[in-house]
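[1] prediction below, plus the sequence it came from.
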Amino acid sequence: MERERLGSRIGFILLSAGCAVGIGNVWKFPYITGQYGGAIFVLFYLVFLVILGIPVMTMEFSVGRAAQKSPVHMYQQLEKKGTKWHLHGFAAFLGNFVLMMCYTTIAGWMLQYFFNTARGAYVGMDAAQVGESFGNMLADPVSMTIFMAVVVIAGFAINSIGLQKGLERITKYMMGALIVLILVLAINSIFLKGSGEGLKFYLLPNVHKMKDAGILNVIVAAMNQAFFTLSLGMGSMAIFGSYLGKDRSLMGESVHVAALDTFVAICSGLIIFPACSAYGVQVNSGPRLIFITLPNIFNHLPLGRLWGSFFFLFMFFAAFSTVLAVFEVLIACTCDLTGWNRKKACFVGCIAVLIASLPCVLGFNVLSGFQPLKAGNTIMDLEDFFVSNILLPLGSLVFVLFCTRKMGWGWEKFTKEANTGTGIQVKPWMRWYCTYVLPVIIMGLFIIGMIQYFA
């Protein structure tokens, strides 16, 4: 069977960025920035994005394009006989599936908040009532299941149409709408009366803020955010690399994808920090910032219901773009493993994800007594821990070792593939850094992440 191809380079960039752009950009990035000193954190984040994120993304794109297969079969095309690199392909498939077991629920929250905001459900509520409404949503398994199911069914339905006519076309429209929405919302926030302090906190680095948060804490948090924001290590980028032609070099494409991903993250901060400043809201209020703090702000804004609706529509597009991209990974892996066509893989995948996502939904209500790993955890926390703290860093480490070690694919073959086409090239001097320094950094992040989680 001839492998499908993306219709355009912009489609590839938007799809890859759509996979990377998600909750980590528009939810986690602003509140992590608020907790770790504002602009000084952003500065470190950008540095680590260049020295960590872009090299690993280039490697993942290269493996995918060279193999022309999904993660479950790509290593078999490139590895030396008798080696076991291909086991990571099956771990990547499992990781993408587990990610969708919880991510579809979060995307459902965004969709539910969009509808609630658009119909004026939060109008007239005080801070306590808005907080209570979030708790009520989590306590209602029926409504959460319905919105989760809408996300899952819509996602597989779009992917079933085809790579170009379904996934690529819808992602282009959705990412275009996302960029327009985020620019409109950012401009509106910047010009709010009293937004100046928020902009200063976000855009002007302050060493004292870094000392307050703890210098080591800021550096580690920035490294983690830069590393995880690009969704590396589970084959998502490899699958889009496999749909790409040979006319462009892959480090250049990685730079473009990372730049678009970062643009969305930075603009998310331009929405949130000026608004928080204008209405005297603490910028370090953590994960509750999106679902509890911001609806209170929109209640006080002129045309707040409109701006709130736009905001949660933007949040849904960011989450749903990742859902569509990861569904494509699941579909491609299923087709490679079974020989099924796209439509059958979508039908079976839809049923499987719907069933597998139910424990996450029920973990906030019916199964709330089950607290895995440590007290206060939910099933969503368990699933997120498995993906974010184990599979993403260790999967990225496998890609780095595979592309730099002779017992793997090797540096020469990797750079030949990465440098095919026009654009930014992988330079010979990068070999020492990628071979010896990058694996140590990734392993260090994995160990620090495990210590911090259980401390």
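    Looks like it arrived, so ask away.

[2] so what's the gap between stretch 141-157 and the chain middle?
    Computed by C-alpha atoms, centre = their mean, to the nearest Å, the chain-centroid distance of stretch 141-157 equals 19 Å.

[3] how about that stretch: buried residues?
    For stretch 141-157, a neighbour-count test (16 or more other C-beta atoms under 10 Å) marks 141, 144-145, 147-149, 151-152, 154-156 as buried. For the C-beta atoms, the positions are set from N, CA and C on the backbone; glycine is no exception.

[4] pull the CA atoms of it into CSV?
    The C-alpha coordinates for stretch 141-157 follow below in CSV (Å, rounded to 0.1, in the frame of the first residue of the first chain):
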residue,chain,number,x,y,z
PRO,A,141,-20.0,11.9,35.4
VAL,A,142,-22.8,12.2,32.9
SER,A,143,-22.0,15.6,31.5
MET,A,144,-18.2,14.9,31.5
THR,A,145,-18.8,11.7,29.6
ILE,A,146,-20.9,13.4,27.0
PHE,A,147,-18.4,16.1,26.3
MET,A,148,-15.5,13.6,26.3
ALA,A,149,-17.5,11.4,23.8
VAL,A,150,-18.1,14.4,21.5
VAL,A,151,-14.4,15.0,21.4
VAL,A,152,-13.5,11.4,20.7
ILE,A,153,-16.2,10.8,18.1
ALA,A,154,-15.5,14.1,16.3
GLY,A,155,-11.8,13.4,16.3
PHE,A,156,-11.9,9.9,14.8
ALA,A,157,-14.6,11.1,12.3
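
[5] lowest-confidence helix or strand of the chain?
    Taking mean pLDDT, DSSP states H and E as the measure, the helix or strand of the chain with the lowest value is helix 288, at a mean of 66.

[6] how about the closest residue to Met175 other than its chain neighbours, secondary structure?
    With sequence-adjacent residues excluded and distances taken as C-beta to C-beta, 6 or more residues apart in numbering, Met175 is closest to Leu14, at 4.6 Å. Counting by DSSP: H, G, I helix; E, B strand; the rest coil, the backbone at Leu14 sits in helix.

[7] got a list of what Leu14 touches?
    When contacts are counted by C-beta atoms under 8 Å, 6 or more residues apart in numbering, Leu14 touches 171-172, 175, 260.

[8] can you rerun that using 6 Å?
    171-172, 175 (C-beta atoms under 6 Å, 6 or more residues apart in numbering).

[9] how many other residues sit next to Ile442?
    26 (other C-beta atoms under 10 Å).

[10] so it sits against Val398, correct?
    No: using C-beta atoms under 6 Å, Ile442 makes no contact with Val398, being 9.9 Å away.

[11] hmm, back to that, by neighbour count, which of the contacts of Leu14 wins?
    Counting by other C-beta under 10 Å, top hit in the contacts of Leu14: Thr171 with 25 neighbours.

[12] which helix or strand contains Asp381?
    helix 379-384 (DSSP states H and E).

[13] please identify the buried residues of the top helix by length along the chain?
    Longest helix in the chain, counting residues (DSSP state H): helix 304-338. Of the residues in helix 304-338, 304-305, 307-336 count as buried by neighbour count, 16+ other C-beta under 10 Å.

[14] ok, back up a step: can I get the contacts of Leu14 in CSV with pLDDT?
    Shown next, in CSV, are the contacts of Leu14 (pLDDT from 0 to 100):
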residue, pLDDT
Thr171, 90
Lys172, 91
Met175, 89
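
[15] what number of residues lie near Trp340?
    16.

[16] does it count as helix, strand or coil?
    Criterion first, three-state DSSP; result for Trp340: coil.

[17] and for Gly444?
    Under three-state DSSP, Gly444 comes out as helix.

[18] gap between it and Ile219?
    Per C-beta to C-beta, to the nearest Å, Gly444 is found 11 Å from Ile219.

[19] could you do Gly252 as well?
    28 Å.

[20] if you average the pLDDT over the one helix or strand Val152 maps to, what comes out?
    Using DSSP H and E, Val152 sits within helix 141-161. Throughout helix 141-161, pLDDT has a mean value of 97.

[21] and it, how far from the chain's centre?
    19 Å.

[22] now the angle between helix 304-338 and it, please.
    60 degrees (axes from the mean of the first three to the mean of the last three C-alpha atoms, to 10 degrees).

[23] so Gly89 makes contact with Gln76?
    No: if you go by C-beta under 6 Å, Gly89 and Gln76 don't touch, sitting 7.9 Å apart.

[24] show me which of those two is the more surrounded one.
    Higher neighbour count among Gly89 and Gln76: Gly89, with 25 against 13, using other C-beta under 10 Å.

[25] for the helix or strand in which that one is found, packing partners?
    According to DSSP H and E, Gly89 maps onto helix 87-118. Counting by 3 or more C-beta pairs under 6 Å, 6 or more residues apart in numbering; DSSP states H and E, the packing neighbours recorded for helix 87-118 are helix 71-78, helix 141-161, helix 304-338, helix 342-362, helix 379-384.

[26] could you dump these to JSON lines with distance to Gly108?
    Compiled in JSON lines, the helices and strands packed on helix 87-118 are given as follows (distance: least, C-beta to C-beta, whole Å):
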{"stretch": "helix 71-78", "distance to Gly108": "26"}
{"stretch": "helix 141-161", "distance to Gly108": "4"}
{"stretch": "helix 304-338", "distance to Gly108": "9"}
{"stretch": "helix 342-362", "distance to Gly108": "8"}
{"stretch": "helix 379-384", "distance to Gly108": "12"}
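
[27] with that, I have no additional questions.
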